[in-house]
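Novice: Below is the structure, and that's it, no one-letter string:
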């Protein structure tokens, strides 16, 4: 698919009205997506997460489960997302010196990609971290939520230039035929 073909919004018709893309003619293929994000937190929150925990309980476990649930509920939250048979979701959280780093990988065998499910998993996990730490840090901030890579579908594999490995760190070569903005083209994804 040429870059000119990918430069249109697939969820908008010629008159500008929102529409759900028809994926019925697309092949069912294995597809994955990985997204990452961060919750910037105070040094006190970092200290608590690495030690005795925050007042509400195990913040990282709650956020992990919330992220998995979020991935499964994506079409209920994002109006034009297709309901997909999600076959696997992993959500990993790690405490850095200034943040909680979050990575989610979602897998399916279906007619469209799971980028939105991966982004939703990260975002819901991040919101849960904020809910769990807000008594200690009211200024906690969600940051840098983005797709890092996707595979499968008509548009093929795509990796964000400079994207890290599973935990968001380390070099990975850019590759594939994605549209370059971190989002697979819905009709080609």
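Specialist: It's in. Quick caveat, the model's predicted, so the values are computed rather than measured.
Novice: Report the buried residues of the helix or strand in which residue 117 is found.
Specialist: Residue 117 is part of helix 115-133, with elements assigned from DSSP states H and E. For helix 115-133, the neighbour count (16 or more other CB atoms under 10 Å) marks 115-130, 132-133 as buried. (Each C-beta comes from the backbone N, C-alpha and C, glycine too.)
Novice: any idea how far that helix is from the chain center?
Specialist: Here helix 115-133 is found 8 Å from its chain centre; the criterion is CA atoms, centre = their mean, to the nearest Å.
Novice: Report all helices and strands that that helix contacts.
Specialist: Using 3 or more CB pairs under 8 Å, 6 or more residues apart in numbering; DSSP states H and E as the contact test, the elements touching helix 115-133 are strand 29-40, helix 43-50, helix 59-72, helix 74-77, strand 86-95, strand 99-110, strand 141-151.
Novice: Residue 18: which of those is closest?
Specialist: Comparison of those against residue 18 by CB to CB identifies helix 74-77 as nearest, at 14.6 Å.
Novice: gap between that closest one and the chain center?
Specialist: Between the centre of helix 74-77 and the centre of its chain there are 13 Å (CA atoms, centre = their mean).
Novice: Thanks again, I'm all set now.
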